[in-house]
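K.L.:
next input, structure requested:
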Amino acid sequence: MRHILLASELARCGGTGEQAPEFLRDYLGAALEGAKTAYQMQLAGMSSDALKTLTELRKSVTDETAKVSDATRQIITAVASALAVGAGLIAARMTASASPLLIILVMVMAGAYVAITILSGVMFTLLQRKVRKEWQPRLYRFLSQRDYEALAAGPARMAENALWWSSILGTVAIVVMAFAIFLIPPTLSVGKYDPPIKKDASIETSVDADTPLQNKTIPINGGDASDLSDENIKSDPR
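P.N.:
Residues are numbered from 1 along each chain as shown. Okay, here's the model as predicted:
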């Protein structure tokens, strides 16, 4: 660039047909000063463009990180909702006679919701990574690999790691919840159509000592109560 600027300043001095040594002796000093000034102005312009580009890079990294963080929060919310549904299904299976088909259907729907949320977040993260790789040599070629790693790739990778770990742990939690639902035995409550419990015939019913005696006829004159008749009652007024 400095050679081009100096040659341009010498060309502006005009062609008088003089020999090269005389021409350079007369105009080289002024051309060199003009080239230095133009070079400083060029550096200032490049610095301004570089600062503008770095500002755009910062804004782009901030937007991408915010979007990945939002996808991570969506995954966490979906996993929490599915775990709440799974806890309710476990309670229903243990305390009520819920239909196994209904439990399977609800758990499949909750798992599908979590899978769709995780898939959308992962696809967005992979797309952003591909875009960064495609545009880095075109827009940020003036940055060294170390500077680009510190300014753009590092923060983006940290946000991606949070999303990956959330997806993995959420998937493991949903799988464990599903196994827990299907392995827990259903409730063993006795229904109204269950057969009655048979009593043991060998056990005799004991009579309580406080049970009152049945009404009996009191004998008269020491006789048997069965000998009482109307004649005996009439003959003895007592």
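
K.L.:
which residue lies nearest the spatial centre of the chain?
P.N.:
Ile76 (2.4 Å; C-alpha atoms, centre = their mean).

K.L.:
now do that one, the pLDDT please.
P.N.:
Reading off the confidence values, Ile76 has pLDDT 92.

K.L.:
separation between it and Ile90?
P.N.:
Distance from Ile76 to Ile90, counting by C-beta to C-beta, to the nearest Å: 21 Å. (Each C-beta comes from the backbone N, C-alpha and C, glycine too.)

K.L.:
go on, Ala115?
P.N.:
On the measure of C-beta to C-beta, Ala115 and Ile90 end up 21 Å apart.

K.L.:
now swap in Leu102 and tell me
P.N.:
14 Å.

K.L.:
ok, now Asp70?
P.N.:
Asp70 is 31 Å from Ile90, by C-beta to C-beta.

K.L.:
just to revisit the earlier point, contacts only, for the residue nearest to the centre of the chain.
P.N.:
166, 170 (C-beta atoms under 8 Å, 6 or more residues apart in numbering).

K.L.:
what do you get if the cut-off is 10 Å, keeping everything else the same?
P.N.:
117, 162-163, 166-167, 169-170 (C-beta atoms under 10 Å, 6 or more residues apart in numbering).

K.L.:
same check, this time on Leu139
P.N.:
53, 56-57, 60.

K.L.:
dump these to JSON lines, plus distance to Ala38 and pLDDT.
P.N.:
Below are these laid out as JSON lines (distance: C-beta to C-beta, whole Å; pLDDT from 0 to 100):
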{"residue": "Thr53", "distance to Ala38": "22", "pLDDT": "78"}
{"residue": "Glu56", "distance to Ala38": "27", "pLDDT": "83"}
{"residue": "Leu57", "distance to Ala38": "28", "pLDDT": "83"}
{"residue": "Ser60", "distance to Ala38": "33", "pLDDT": "85"}
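
K.L.:
what's the PyMOL syntax to select whichever of the residues you listed are buried?
P.N.:
Buried members of those, defined by 16 or more other C-beta atoms under 10 Å, are picked up in PyMOL with:
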select buried, resi 57+60
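
K.L.:
of all pairs in the contacts of Leu139, which one is the farthest apart?
P.N.:
Within those, Thr53 and Ser60 form the most distant pair, 10.3 Å apart (C-beta to C-beta).

K.L.:
got any residues that touch both of these two?
P.N.:
Shared contacts of Thr53 and Ser60 (C-beta under 10 Å, 6+ apart): 139-140.
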